[in-house]
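Q: no letters, just coordinates:
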Ligand SMILES: NC(=O)n1nc(-c2ccco2)nc1N
């Protein structure tokens with residue numbers, strides 16, 4: 001029979017794979033009771049052999065000692081803010097400025113993405129292991145919320161694949177779905193606790209908990225949308241290839257993102273997402289377009305704190321929805 005260490009590793013890898021299928025791919029491999037059965041087996045083995053517990057074990061997602069406060073962390077690469085376009089004309093101006101600066105005559109490729117209205121978060125992985133989670137803060141420094149991001153099931157504790165990079169920092173948005181928000185407020189009401197005004201506030205309040213056992217009770221999801229640091233393997237040469245590499249590492253990328261050739265395709269994407277906005281299960285406040293080629297992103301650089309190579313295209317403010 002396999003050694004306790006081998007049994008524990010087998011259970012850990014199997015549970016992490018099932019969790020990836022369920023929370024990242026929305027494609028469960030086994031019914032919940034099967035997952036729970038193996039989870040309890042792993043817990044039993046780990047309690048007999050605590051020295052064999054590893055930080056990427058699914059049993060280690062919820063901490064048990066609340067923090068006194070949050071440490072500050074300095075972002076190695078500033079978490080930038082985006083300039084805005086408020087109408088089609090301003091978007092055409094953006095595209096024209098980009099092509100002029102690049103001295104490119106024809107249309108160029110952009111990646112178009114829904115602009116999720118949650119909280120921007122940075123995740124750092126060393127040799128494939130999640131070592132730090134941080135809020136955006138003021139863009140230069142944020143709060144260390146590692147214990148809280150570890151409770152979010154769509155955030156892998158270990159990157160998938162045999163040769164994880166030495167260092168990888170991914171950024172994305174933590175959101176709460178409308179369904180999760182409604183269930184949470186119902187539970188809060190039943191427990192005579194405060195309810196939240198909207199999913200974004202609920203997500204912010206959940207991430208700022210000093211007790212990660214509370215965060216673990218909150219329906220939070222993570223969508224990755226950019227790569228900030230990568231060491232130990234070559235950078236992809238396009239943003240679309242970065243998103244594919246993030247998917248390969250086991251991170252969740254929004255299924256609506258789309259490679260678009262030229263500004264007319266961007267406008268078609270904008271109007272398509274706007275038309276479907278009410279059917280999406282999470283809040284968005286616009287779409288984001290990013291020049292796909294990374295060499296062109298570098299050439300374009302930033303103006304003050306916003307990139308010249310990306311812009312947000314905002315929707316009209318949504319009238320308050322009565323739930
Ligand atoms: N909020 C959101 O969904 N964002 N935000 C960015 C972003 C911000 C800075 C660079 O990229 N991208 C997406 N999809």
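A: Received it, and whenever you're ready, just let me know what you need. Source: prediction; values computed, not measured.

Q: ok, residue 35 - contacts?
A: 15, 18, 19, 22 (CB atoms under 8 Å, 6 or more residues apart in numbering). For every residue, glycine as well, the C-beta is placed using N, CA and C.

Q: quick one: the first one is in a strand?
A: If I follow you right, that is residue 15. No: using DSSP: H, G, I helix; E, B strand; the rest coil, the secondary structure at residue 15 is helix, not a strand.

Q: how much space between residue 139 and the ligand?
A: Computed as CB to the nearest ligand atom, to the nearest Å, the residue 139 to the ligand distance reads 10 Å.

Q: same deal with residue 272?
A: 16 Å.

Q: what's the neighbour count on that residue?
A: Neighbours of residue 272 under the rule other CB atoms under 10 Å: 14.

Q: residue 199 now?
A: For residue 199, using other CB under 10 Å, the count is 25.

Q: contacting residues for it?
A: Per CB under 8 Å, 6+ apart, neighbours of residue 199: 117, 118, 175, 176, 177, 178, 180, 181, 282, 283.

Q: do you know how far the last one is from the ligand?
A: Read it as residue 283. 10 Å.

Q: picking up where we left off before, for residue 44, state which of the contacts of residue 199 is nearest.
A: Taking CB to CB as the measure, residue 44 lies nearest residue 180 of the contacts of residue 199, at 30.4 Å.

Q: read off the pLDDT value for the residue lying closest to residue 91 once chain neighbours are set aside.
A: In space, and not counting its chain neighbours, residue 91 is closest to residue 85: 4.4 Å by CB to CB, 6 or more residues apart in numbering. Listed pLDDT for residue 85 reads 95.

Q: tell me how many other residues crowd residue 85.
A: So residue 85, with other CB under 10 Å, has 22 neighbours.

Q: that one bridge partners, please.
A: Taking DSSP bridges as the rule, residue 85 bridges to residue 313.

Q: do I have it right that it meets residue 310?
A: No: applying CB atoms under 8 Å, one finds residue 85 not in contact with residue 310, separated by 10.8 Å.

Q: the contacts of residue 199 in helices, which ones?
A: 178, 180, 181 (DSSP state H).

Q: of the contacts of residue 199, which pair is most distant in space?
A: With CB to CB as the measure, no two of those lie farther apart than 117 and 180, at 14.3 Å.

Q: now the strands for the stretch 151-300 of the chain?
A: Counting by DSSP state E, counting those that start in this stretch, the stretch 151-300 of the chain has strands at residues 167-176, 220-231, 258-261, 284-291.

Q: save the ones you listed as TSV, and put in mean pLDDT and mean neighbour count too.
A: Putting these into TSV (pLDDT from 0 to 100; neighbours: other CB atoms under 10 Å) gives the following:
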stretch	mean pLDDT	mean neighbour count
strand 167-176	98	23
strand 220-231	98	21
strand 258-261	98	17
strand 284-291	98	23
